[in-house]
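Visitor: From the sequence below, what's the structure:
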Amino acid sequence: MAEMQKTITVPKNKVGKVIGPKGATIKSLMRTPRVRIDFNTRNPSSDGSVTMKIRGPPSSVIAVYKAVDDLVNVNTSDSTDIMRAFFDFGETDLRSKCVTLLEQKSSSKVVSGLNSAVKRHPVVLEIDSLSENEMIGNISLHDDVDDDKAPFQEFSKSAVQDLFDEALKMKISSTLEFNFSLGKMLFCAGGSNTVARLSTSKKGSISQKTLDNLQLRPVWITTLTTELTDKLTKCLEGDGFECLNASNPESFTIIHLHAGPERLFASVVLALDKELNAVPLADDDRLNETKREAVESILKAKRIGDIIPEGKSIKVTFRKLSLQVHPDKNSHRGATEAFKKLNDAYDKLSKGCPGSTKALEVETPKHSKNPPKVVSVTTNKKKLGTVSLISLNDLDIRAYVKTFDKEESGDNLSERIRRILNDCWEQRDADGGIADPGWGSGVQIKLVKQVTSKLYYGKEVTIDGRKEVLEVAVNVMRAKPYNGEWQNTLEIDVSVGEKTFTDGDLSNLIDKFLFVRGWCKNLKL
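Guide: Below you'll find the model as predicted:
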């Protein structure tokens, strides 16, 4: 991949902020993987300003550039917290991380701020030419560095299709993911206004120059206020959705970490309770009574109709059962075999086989094992492309094409990292916060997400003649960035059918996108 270079002039009165206390901020910048920074404060210009040169991969250079730009242009007394917040998430799209810096000051009531210490002014964008149920979009290929493109334009099916095609060519890891998140597009303003009024051009676009003149920077926010939870669930139920795991909401903890010696950025899913204690086998919600009964019922089934009853939606029933018996969500010793048997029944029923067809014969393991503390490890995450659609509704929507590697058991974590994590757990504070392992360990815990309740809502839909399950995952959690405080928040994920792929025909992504777009346009909380 070709490198790029950006330069930014740091005024004399902002040099100290870029350097940070004891050099902490500039050191954080310089630790950005594969980025080289030239910032020679011993050779300032005649007015005392210092030029910074940033070289490296385009996405990383842009991330560092935007971070420095915020330090230079935002009036705040705590530049170190800014840098921590920007880099706490270890991903390439800096804009979607600004939520940790936002203090809600707009008329929108849907956004939750993870860190209110930094005084920013997010505004709600009002577009004169945008009427109810219309959307305007931001289409972004994440290695695209063409600054002349209008950041927001009228929706174009061909532009979205081109984005998907180009993003899929960029696949670099073993798995592709296509999904959506509900959130809100706000704009960080340089002034004190809470509302910005814009008009689109004759071409239906908003230029970067217009945003620059108004000192506006778009910010996509996925962390929402938990007060939306009841409204959303009632809305979904009124729209014909069924809660697929009402009696068994998932709870788990995700740790985003960086291990320097291993050169590893990873998201680690842990089986921990709400106090971040290791979950005993008897209390592991991956092996409650309902899930135990689901596994044993499938293992005993003689006919495929005994596994997925006739007369119900095959796809919805399959999805509901898979949430109960998938070995990633169920630590029963027979979960893997039960899931194989469930898959076989689903495939046969989908092909028209009668319910009396003999079920797959499987062999239940004879010995059980304690559930691993590490449920899964995701590495090499990269956003390939995003399509963000904003409207006058309470919530907006963004589609993602991502790539990553995922290992279910966590065996690829080194013993050194495991030992450090264990030490951090044992030293957790009174609020359940995992201790910082310290720079000497070479491991930094950047973000802890403690999901206290994850509920899946699904309903069967028809897309271009194909039956699929439209699924909405409602994640109620508390989150704690590095050196920050716990904040309650809500995240909402949306998917249609299979959302992860290792290969196969991906030509129907645009059809799924159009369907979800239409559904979101009519979503009223």
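
Visitor: how about stretch 456-463 as CSV, C-alpha atoms only?
Guide: Only the C-alpha atoms of stretch 456-463 are listed here, as CSV (Å, rounded to 0.1, in the frame of the first residue of the first chain):
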residue,chain,number,x,y,z
TYR,A,456,-31.6,-10.4,20.0
TYR,A,457,-34.8,-9.4,18.2
GLY,A,458,-35.6,-11.0,14.8
LYS,A,459,-38.3,-11.4,12.2
GLU,A,460,-38.5,-13.1,8.9
VAL,A,461,-38.4,-10.8,5.8
THR,A,462,-38.2,-11.3,2.1
ILE,A,463,-35.4,-9.6,0.1
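
Visitor: looking at it, residue 412 is touching residue 376, isn't it?
Guide: No - if you go by C-beta atoms under 8 Å, residue 412 and residue 376 don't touch, sitting 10.3 Å apart. All C-beta atoms are positioned from the backbone trio N, CA, C, and that covers glycine.

Visitor: Could you check which of the two is surrounded by more residues?
Guide: Neighbours were counted for residue 412 and for residue 376 using other C-beta atoms under 10 Å; residue 376 has more, 18 against 14.

Visitor: For the more buried one, list each beta-bridge partner.
Guide: residue 269 (DSSP bridges).

Visitor: Begin at 42, not 1, for the rest of this chat.
Guide: In the new numbering, first residue 42, that becomes residue 417.

Visitor: what about the strands in the stretch 42-191 of the chain?
Guide: Ranges of strands within the stretch 42-191 of the chain are 45-51, 77-79, 91-97, 163-168, 177-182, based on DSSP state E, counting those that start in this stretch.

Visitor: Export those strands as TSV, with columns for mean pLDDT, mean neighbour count and distance to residue 352.
Guide: Shown next, in TSV, are the strands of the stretch 42-191 of the chain (pLDDT from 0 to 100; neighbours: other C-beta atoms under 10 Å; distance: least, C-beta to C-beta, whole Å):
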stretch	mean pLDDT	mean neighbour count	distance to residue 352
strand 45-51	88	16	59
strand 77-79	91	14	64
strand 91-97	91	19	58
strand 163-168	52	20	47
strand 177-182	74	21	41
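
Visitor: and for residue 453 and residue 417, which residues touch both?
Guide: Counting by C-beta atoms under 8 Å, 6 or more residues apart in numbering, residue 453 and residue 417 have no contacts in common.

Visitor: Tell me the gap between stretch 349-363 and the middle of its chain.
Guide: 28 Å (C-alpha atoms, centre = their mean, to the nearest Å).

Visitor: same question, stretch 506-525
Guide: With C-alpha atoms, centre = their mean, you get 8 Å for stretch 506-525.

Visitor: check which helix or strand covers residue 459.
Guide: Element membership for residue 459, per DSSP states H and E: helix 456-467.

Visitor: next SSE after that helix?
Guide: With secondary structure assigned by DSSP H and E, helix 456-467 is succeeded by strand 484-504.

Visitor: Output the contacting helices and strands for the very next helix or strand once past that next one.
Guide: Next along the chain after strand 484-504, taking DSSP H and E as the criterion, comes strand 507-522. Applying 3 or more C-beta pairs under 8 Å, 6 or more residues apart in numbering; DSSP states H and E, one finds that strand 507-522 makes contact with helix 269-279, helix 355-366, strand 484-504, strand 528-537, helix 550-562.

Visitor: Among these, which comes closest to residue 290?
Guide: Checking the helices and strands packed on strand 507-522 against residue 290 by C-beta to C-beta gives strand 484-504 as the closest, at 4.3 Å.

Visitor: Tell me which other helices or strands the closest one touches.
Guide: Where contact means 3+ C-beta pairs under 8 Å, 6+ apart, strand 484-504 is packed against helix 269-279, strand 283-284, strand 291-300, helix 355-366, helix 456-467, strand 507-522, helix 550-562.

Visitor: Nearest to residue 442, out of the strands of the stretch 42-191 of the chain?
Guide: Nearest of these (C-beta to C-beta): strand 177-182, 9.3 Å.

Visitor: So which elements touch the closest one?
Guide: Contacting strand 177-182 under the criterion 3+ C-beta pairs under 8 Å, 6+ apart are the following elements: strand 193-195, helix 198-210, strand 415-431.

Visitor: Identify whichever of those lies nearest to residue 487.
Guide: Using C-beta to C-beta, the helices and strands packed on strand 177-182 put strand 415-431 closest to residue 487, at 12.7 Å.

Visitor: Sweet, I'm off.
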